[in-house]
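Chemist: Generate a structure from the sequence data that follows.
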Amino acid sequence: MPRRDAIERALGVVDYVLLEGLGTRDWRELVRRDWRTAIVVVGLLTNFKILHLIIKAAGLYYRLRYGINFKGDMRYVEELARRVGKRVETVDEDLLSIYEKSREAFMPRLAPILRVLLLGIFVYVLGVIVGKFLAWHYVQYIIYLALTVIVIEVIPNDFVNATMKIRDRKLINRVQELISQGHKVLW
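Modeler: Residues are numbered from 1 along each chain as shown. Here you go, the predicted model:
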């Protein structure tokens, strides 16, 4: 969690607080346009749900231990900025605009997926060999776990890395626009 005193010092200097986000509300429209994006979108949404649950658990921990209502780093900074009267703006890049700018970002990278699949095949073959000693359903669970890790972790991380320049460009353009208007910006 960011230190409150450091954030308050930074907020004392700036006029605007810009937060970066990724809009996922239009995911159905994207999948309707191109069904091949479904695996990336499902992985991304699942990854975000898991992160949301982790943030909720951290919030519960901070509330019980320190008495702080923690909602995540960005929401925490947003709440502090609004309390001191600073303007807060979220610069979101939605999935459809990312798709229009970079369709290849939605195509999963094959190298990490193939590595995990080869590992799964190795475990599968090993399971067949050792199948007399292990229950067969344990081997199947390991394979399902490997495929789940691919969908939840590997594919969304590739997507985030591939779209970092697009999302950063939009944020930097907004920062430059506000600075040219004479504002001091925290981002």
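Chemist: Pretty sure residue 92 sits in a strand.
Modeler: Yes. Using DSSP: H, G, I helix; E, B strand; the rest coil, the assignment for residue 92 is a strand.
Chemist: what residues are up against it?
Modeler: 20, 21, 22, 23 (Cβ atoms under 8 Å, 6 or more residues apart in numbering). (Glycine included, C-beta is placed from N, CA and C.)
Chemist: at 6 Å instead, please
Modeler: For residue 92, the contact set (Cβ atoms under 6 Å, 6 or more residues apart in numbering) comprises 21, 23.
Chemist: just the one 4 residues further on next, same as before
Modeler: If a contact means Cβ under 6 Å, 6+ apart, then residue 96 has 26, 30 as its contacts.
Chemist: which SSE is it in?
Modeler: helix 95-101 (DSSP states H and E).
Chemist: Across the sheet, point out what pairs with residue 88.
Modeler: Note on residue 88: beta-bridge partners residue 17, judged by DSSP bridges.
Chemist: about what we covered before: same question for the helix holding residue 96, mean pLDDT?
Modeler: Helix 95-101 shows a mean pLDDT of 87 in the predicted model.
Chemist: next one: stretch 65-83
Modeler: Rounded mean pLDDT across stretch 65-83 is 82.
Chemist: Would you mark the buried spots in that stretch?
Modeler: The neighbour-count check on stretch 65-83 (16 or more other Cβ atoms under 10 Å) flags 70, 72, 74, 76, 77, 78, 80, 81 as buried.
Chemist: same check, this time on stretch 8-23
Modeler: Buried residues in stretch 8-23 (16+ other Cβ under 10 Å): 11, 14, 16, 17, 18, 19.
Chemist: Contact partners for residue 59?
Modeler: Residue 59 touches 70, 71, counting by Cβ under 6 Å, 6+ apart.
Chemist: try residue 156
Modeler: Taking Cβ under 6 Å, 6+ apart, one finds 43, 44, 47 in contact with residue 156.
Chemist: after the strand or helix carrying the last one, next one along is what?
Modeler: To tie it back to what came earlier, the one meant is residue 47. Under the criterion of DSSP H and E, residue 47 resides in helix 38-66. Next helix or strand after helix 38-66 toward the C-terminus (DSSP H and E): helix 73-83.
Chemist: Does anything pack onto that following helix? Which helices or strands?
Modeler: Judged by 3 or more Cβ pairs under 6 Å, 6 or more residues apart in numbering; DSSP states H and E, the packing partners of helix 73-83 are helix 4-11, strand 87-94.
Chemist: re earlier: work out the gap between the helix holding residue 96 and the centre of the chain.
Modeler: Averaged C-alpha coordinates place helix 95-101 at 16 Å from its chain's average position (Cα atoms, centre = their mean, to the nearest Å).
Chemist: For that helix, buried residues please.
Modeler: By neighbour count on 16+ other Cβ under 10 Å, the buried set for helix 95-101 is 95, 98, 99.
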